[in-house]
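# Build me a model from this:
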Amino acid sequence: MCTENSDFVMIGKGKRREAGDCRYAFKDRVRMKEKRNGKKYRCTGYLCMAAVCVVLSGCTANGKEQQEEYKQQGIVAMASGEYEQALELFQQALDLSGGSVGTQEIDICYYKAAALYRAGRAQEAVEVYDALTQYDDKNADACFLRGSIYAGQRDLERALEDYRQAVERDDENYDLYIGIYENLNALGYQEEAAEFLNMALEIEGDSAYNCLNRGRIYIILGQYDAAEKALLKAVDKKEDEARVYLAQIYTLQQDTDSAKEMVDAYLNSRNISSEGLTLLGNMAMDAQNYSQALEYYQQGLACAEVTNSQELRKNEIAAMERCGQLEEAQAKLAEYLQDYPGDQVALQEQQFLTR
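Predicted structure coming up:
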């Protein structure tokens with residue numbers, strides 16, 4: 001439902017997070033989008049008033065255009081840290097819905113909840129999620145995001161209740177299980193976090209998708225033999241991205257020849273992705289091979305389809321700094337901040353580069 005500019009999360013691969021930081025739940029929502037296929041939903045009663053906050057007025061084609069304009073203006077305001085202004089714009093967009101609730105209205109509700117959370121109005125954000133979960137009993141996103149708020153508030157009981165409900169609603173989404181693990185683990189709840197990885201390992205199936213994701217989970221658990229077995233099986237099933245994770249394992253085991261073999265095989269495949277190249281870049285950064293990392297990040301940005309542009313652009317800037325390309329890094333950072341003005345970490349980095 002949300003685009004890459006959303007403040008809600010997509011569940012990503014290999015992203016580092018700080019303890020106590022639930023930003024995981026408020027970034028790109030790409031993989032966790034629900035596929036509603038344009039279906040329209042009628043909104044009545046409590047949901048109409050409490051969750052979607054729609055005024056029952058007709059919405060013409062011009063109204064839809066105006067609704068999209070308000071939404072985009074709200075996104076820009078939120079990225080700039082103007083959360084109250086963003087809330088006004090999102091509400092104006094919702095007021096044009098006309099009582100019929102489709103993907104656009106639901107999407108705006110998620111943006112509104114994000115703005116409420118960022119504005120320090122967490123309870124109001126929770127209320128939006130409450131209504132979204134009641135409105136659509138298959139909606140895992142709202143359960144996950146509400147649980148992430150509770151986790152950040154150290155309300156573990158309610159967080160776990162929501163997280164468990166989320167995986168019940170989307171029980172084959174490995175990224176969801178991993179995301180919950182990362183949130184809880186970052187907050188120091190290691191035992192509860194591991195529960196969700198173990199649940200993911202119980203997912204049945206022997207497809208390339210299953211094997212790849214089991215391998216990812218075994219890597220997180222430090223069970224490299226099991227990870228290698230699962231990932232090699234994924235490779236046999238033509239899942240090229242599994243080679244990147246195998247390279248990660250071999251690197252950790254200091255088997256540089258096998259790691260290079262896997263990297264070369266992946267780069268020679270026809271299924272190179274921006275995320276696979278990001279992981280290769282991160283591995284090169286860890287190995288202090290900054291020029292190679294920069295090359296991978298730039299290749300990722302040059303992919304026909306880039307699903308993690310913001311992450312890649314930040315990583316590219318970091319690699320440029322490590323390579324001593326400070327002027328280029330400063331120029332790239334200025335461009336980045338034009339697109340993501342609310343990134344406080346990047347703003348601090350800009351102050352460092354301009355000293």
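# any idea of the mean pLDDT for stretch 235-245?
What stretch 235-245 shows for mean pLDDT is 96.
# tell me which residues in it are buried?
By 16 or more other CB atoms under 10 Å, the buried positions in stretch 235-245 come out as 235, 239, 240, 241, 242, 243, 244, 245. Using the backbone N, CA and C atoms, a C-beta is placed for each residue, glycine as well.
# The last one reaches residue 230, doesn't it?
Spelled out, that is residue 245. No: counting by CB atoms under 8 Å, residue 245 does not reach residue 230; the two are 9.2 Å apart.
# Determine the residues that are contacts of both of these two.
212, 215 (CB atoms under 8 Å, 6 or more residues apart in numbering).
# What residues of stretch 80-98 count as buried?
Along stretch 80-98, these residues count as buried under the neighbour rule (16+ other CB under 10 Å): 82-83, 85-98.
# Closest one of those residues to residue 144?
Closest approach between these and residue 144, by CB to CB: residue 90, at 20.5 Å.
# what does the strand or helix carrying that closest one contact?
Element membership for residue 90 (DSSP states H and E) is helix 83-94. For helix 83-94, contacts defined as CB under 8 Å, 6+ apart pick out 52-55, 67-68, 70-71, 73-75, 77-78, 105, 108-109, 111-112, 115-116, 118-119.
# helices or strands up against the helix or strand just after it?
Counting by DSSP H and E, the next helix or strand C-terminal to helix 83-94 is strand 100-101. Judged by 3 or more CB pairs under 8 Å, 6 or more residues apart in numbering; DSSP states H and E, the packing partners of strand 100-101 are strand 41-42.
# Mean confidence (pLDDT) on the strand it packs on, please.
For strand 41-42, mean pLDDT is 30.
# tell me the SS of residue 137?
coil (DSSP: H, G, I helix; E, B strand; the rest coil).
# and the nearest residue to residue 149 once chain neighbours are set aside, what does it touch?
Nearest non-adjacent residue to residue 149, counting by CB to CB, 6 or more residues apart in numbering: residue 122, 5.4 Å away. Residues counted as contacts of residue 122 (CB under 8 Å, 6+ apart) are 116, 149, 153.
# Quick one: buried ones out of these?
Buried by 16+ other CB under 10 Å: 116, 149, out of the contacts of residue 122.
# Just the contacts of residue 122: which are in helices?
116, 149 (DSSP state H).
# okay if I get the contacts of residue 122 as TSV plus distance to residue 177 and pLDDT?
Formatted as TSV, those follow (distance: CB to CB, whole Å; pLDDT from 0 to 100):
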residue	distance to residue 177	pLDDT
116	27	96
149	19	97
153	22	96
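# Show me which of the contacts of residue 122 is closest to residue 280.
Using CB to CB, residue 149 comes nearest to residue 280 of the contacts of residue 122, at 33.8 Å.
# any idea how far the closest one is from residue 160?
13 Å (CB to CB, to the nearest Å).
# so where's the stretch 201-350 of the chain shaky on pLDDT?
Within the stretch 201-350 of the chain, the stretches with pLDDT under 70 are 341-350.
# Please enumerate the helices of it.
208-221, 224-236, 242-252, 256-267, 274-286, 290-301, 309-322, 326-339, 344-353 (DSSP state H, counting those that start in this stretch).
# Pull out the buried residues from the fourth one.
Looking back up the chat, that one is helix 256-267. For helix 256-267, by 16+ other CB under 10 Å, it's 259, 262, 263, 266, 267.
# How about the second one?
By neighbour count, and taking 16+ other CB under 10 Å as the criterion, the buried residues in helix 224-236 are 224, 226, 227, 228, 230, 231, 233, 234, 235.
# quick one: contacts for the closest residue to residue 305 other than its chain neighbours?
Nearest non-adjacent residue to residue 305, counting by CB to CB, 6+ apart: residue 274, 7.1 Å away. For residue 274, the contact set (CB under 8 Å, 6+ apart) comprises 300, 301, 303, 305, 306, 307, 308, 309, 312.
# angle of the longest helix along the chain against helix 326-339?
Secondary structure of the chain per DSSP H: the longest helix is helix 61-79. Following axes from the mean of the first three to the mean of the last three CA atoms, to 10 degrees, one obtains 140 degrees for the angle between helix 61-79 and helix 326-339.
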